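Peer 1: Quick one: sequence plus predicted model below, questions after.
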Amino acid sequence: MQAIIKFGMVGAVGTLCHYATLITLVELLRVGAVTATTAGFLAGMLVNYALNYRYTFRSDRPHVQAAPRFFLIGVCTGVLNALLMHLGVVVAGMNYLLIQLVTTAVLFLLNYLLNSIWTFAGSQGNERRE
């Protein structure tokens, strides 16, 4: 259980980066919400990888192994993020921040599960031992 709490704390930092990018692009630069959330997601993903590798999972897996796994999961969940944002904002006409909050909650657990069982399986900070 300790790893998911750390994952959440690290995720909060990445989420702040994501949301800061999203809001700046939408409100100041008038970029569309789907494009802005994709840019924010990528920025948050970079922060999350570095912090999860060192802090959450205390990984000893070489970056050449861990990074491609982490970023493959990130790209897949990033596509889901963009799709949910498109459906909520473009199709349903809802507020982009409300949709992003819901999307973040949905993707948090999926990201944790996939990264704990595949990217960082067997790491010191990961409670799952394989």
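Peer 2: On my side now, so go ahead.

Peer 1: From now on I want contacts and neighbour counts done on CA atoms only, so please keep to that.
Peer 2: OK.

Peer 1: Just the element for residue 34, please.
Peer 2: Using DSSP states H and E, the element containing residue 34 is helix 33-51.

Peer 1: Can you name every helix or strand that that helix contacts?
Peer 2: On a contact count with 3 or more CA pairs under 8 Å, 6 or more residues apart in numbering; DSSP states H and E, helix 33-51 meets helix 2-23, helix 63-85.

Peer 1: buried set for the last one?
Peer 2: Applying a neighbour-count criterion of 16 or more other CA atoms under 10 Å, one finds 66-67, 69-71, 73-75, 77-78, 81-82, 84-85 buried in helix 63-85.

Peer 1: what helix or strand does residue 94 sit in?
Peer 2: Judged by DSSP H and E, residue 94 forms part of no helix or strand.

Peer 1: OK, contacts around the residue sitting nearest the centre point of the chain?
Peer 2: Centroid-nearest residue in the chain: residue 45, 5.2 Å away (criterion: CA atoms, centre = their mean). Residue 45 makes contact with 14, 71, 74, according to CA atoms under 8 Å, 6 or more residues apart in numbering.

Peer 1: can the residues you listed go into TSV with extra columns for pLDDT?
Peer 2: Listed next are the contacts of residue 45 as TSV, based on pLDDT from 0 to 100:
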residue	pLDDT
14	96
71	96
74	96
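
Peer 1: Could I get those residues in JSON lines, plus columns for distance to residue 2?
Peer 2: Formatted as JSON lines, these follow (distance: CA to CA, whole Å):
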{"residue": "14", "distance to residue 2": "18"}
{"residue": "71", "distance to residue 2": "23"}
{"residue": "74", "distance to residue 2": "22"}
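
Peer 1: can you count the residues close to residue 16?
Peer 2: Residues lying near residue 16 (other CA atoms under 10 Å) number 14.
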